[in-house]
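Peer 1: Just need the structure, nothing else, for what follows:
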Amino acid sequence: MTDADRISAAAAPRARVGAVDEAGRLRLLGAAVSGAAFALVFVMLVLSSWTAATTGVLVSVGVPAAAVGGTLGVVLLLRSWRIEGGYERASAVQRWISDGRVPVDVPATEWVPLLHGQADRQVAGWGKILTAVLWFAMSWSMRDQHGWVITLLLCGLWTGLGLWSAVVVIPRARAAAAILRRGVSTPE
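Peer 2: Numbering: from 1, shown residues only. Predicted coordinates:
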């Protein structure tokens, strides 16, 4: 990429997300639910150090925290799509990875950086697994302090994070790296 290309890319208006299909709407729903669950569990965990986890506390503090967490999850997913050039482009990259090839009509100047971005997520995936294991162990060791309900919620949260990384993030990153190693796009 030349300096002129970088300057024009920096001066270009922010990419829009574009039209979102059914799979994208389900991903938005998943981001909202996981963000809400994380915020609810986190707030209840913090509050359990000072007060009992009652229905009143759950409704007055936990539900608003879940709403904020759900909104944040959706905003972060939309931001991710914008950074990747819009939902259509992000979906196309996922299809390339699923198919194990890039269509021949896509120039290398476009697909190589996109696949590098996906391949670089492997390190983050392993970091999430390590974090999940450590936090799971910490949550389990504190089960007497926080009670079984919060302990099980936390352990479920950390298990979900680790499984998502192991089942989705790392295999997808490895598949992107394999396409990059082959170094050429292939005809359909």
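Peer 1: CA only for contacts and neighbour counts going forward, please
Peer 2: Noted.
Peer 1: Helices along the protein, start to end?
Peer 2: Assigned by DSSP state H, the helices in the chain fall at 3-11, 22-48, 55-57, 63-83, 87-99, 108-119, 121-141, 143-146, 148-164, 170-182.
Peer 1: for the fifth one, which positions count as buried?
Peer 2: It stands for helix 87-99. Within helix 87-99, the residues that count as buried by 16 or more other CA atoms under 10 Å are 87, 88, 89, 90, 91, 93, 94, 96, 97.
Peer 1: Likewise for the fourth one?
Peer 2: Buried residues in helix 63-83, counted by 16+ other CA under 10 Å: 63, 65-74, 76-79, 81-82.
Peer 1: what's the burial count for the residue nearest to residue 48 when sequence neighbours are not counted?
Peer 2: Leaving aside its sequence neighbours, residue 48 sits nearest to residue 146 (CA to CA, 6 or more residues apart in numbering; 6.3 Å). The tally of other residues near residue 146 (other CA atoms under 10 Å) stands at 20.
Peer 1: Can you read off the pLDDT for residue 146?
Peer 2: Note on residue 146: pLDDT of 71.
Peer 1: OK, contacts around it?
Peer 2: Applying CA atoms under 8 Å, 6 or more residues apart in numbering, we find residue 146 in contact with 45, 48, 49.
Peer 1: ok, those vs residue 127, which is closest?
Peer 2: Taking CA to CA as the measure, residue 127 lies nearest residue 45 of the contacts of residue 146, at 22.7 Å.
Peer 1: wait, what's in contact with that closest one?
Peer 2: For residue 45, the contact set (CA under 8 Å, 6+ apart) comprises 146, 150.
Peer 1: pLDDT value on it, please?
Peer 2: As predicted, residue 45 sits at a pLDDT of 76.
Peer 1: can you start the count at 23 instead of 1 from here on
Peer 2: Right, with 23 as the first residue, what we last looked at is residue 67.
Peer 1: So for the protein, the centremost residue is which one?
Peer 2: residue 99 (7.1 Å; CA atoms, centre = their mean).
Peer 1: Quick one: neighbours of residue 44, just the number.
Peer 2: Residues near residue 44, counting by other CA under 10 Å, number 8.
Peer 1: how far away is it from residue 81?
Peer 2: Distance check for residue 44 against residue 81: by CA to CA, to the nearest Å, it reads 32 Å.
Peer 1: Residue 65 too?
Peer 2: Relative to residue 81, residue 65 is positioned 12 Å away (CA to CA).
Peer 1: One more: residue 170?
Peer 2: 19 Å.
Peer 1: about what we covered before: compare the helices of the chain and say which comes out lowest on pLDDT.
Peer 2: Minimum mean pLDDT among the helices of the chain: helix 25-33, a mean of 42.
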